[in-house]
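Undergrad: What shape does this take:
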Amino acid sequence: MEINWYIIAVVIVFALVLIYFLIKRNKKEKAKLKEELNYIKKTEEAEIDNEKES
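TA: So this is what the prediction gives:
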């Protein structure tokens, strides 16, 4: 049985591109999630400050 190196090369390149795409997308989503979790509305911030003073 002969090994078809062209098909193996295409599969490997496709896998590497897929892994690169998934890592890049994951970093974007991680940054977006971090930004959403750190977001505090001004009204909530004022309420928290008022509670600390009381």
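
Undergrad: Could I get the full set of helices for this structure?
TA: Counting by DSSP state H, the segments of the chain that form helices are 5-38, 42-53.

Undergrad: These into JSON lines, with extra columns for mean neighbour count and mean pLDDT?
TA: Every C-beta, even on glycine, is put in place using the N, C-alpha and C of the backbone. Converted to JSON lines, these look like this (neighbours: other CB atoms under 10 Å; pLDDT from 0 to 100):
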{"stretch": "helix 5-38", "mean neighbour count": "10", "mean pLDDT": "91"}
{"stretch": "helix 42-53", "mean neighbour count": "9", "mean pLDDT": "56"}
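
Undergrad: What distance do you get for residue 10 to residue 4?
TA: 10 Å (CB to CB, to the nearest Å).

Undergrad: typo on my end, residue 35
TA: From residue 35 to residue 4 the distance is 47 Å (CB to CB).

Undergrad: got the contact list for residue 23?
TA: Applying CB atoms under 8 Å, 6 or more residues apart in numbering, we find residue 23 in contact with no residue.

Undergrad: now residue 32
TA: Residue 32 touches nothing, counting by CB under 8 Å, 6+ apart.

Undergrad: shift numbering so it begins at 39
TA: OK, 39 is where the count begins now, so the last one is residue 70.

Undergrad: From residue 60, how far out is it?
TA: Distance of residue 70 to residue 60, computed by CB to CB: 16 Å.

Undergrad: Same check on residue 69?
TA: From residue 69 across to residue 60, the span is 15 Å (CB to CB).

Undergrad: do the same with residue 75
TA: In terms of CB to CB, residue 75 sits 22 Å off from residue 60.

Undergrad: swap in residue 41?
TA: Here residue 41 is placed at a distance of 28 Å from residue 60 (CB to CB).

Undergrad: Likewise for residue 48?
TA: 19 Å.
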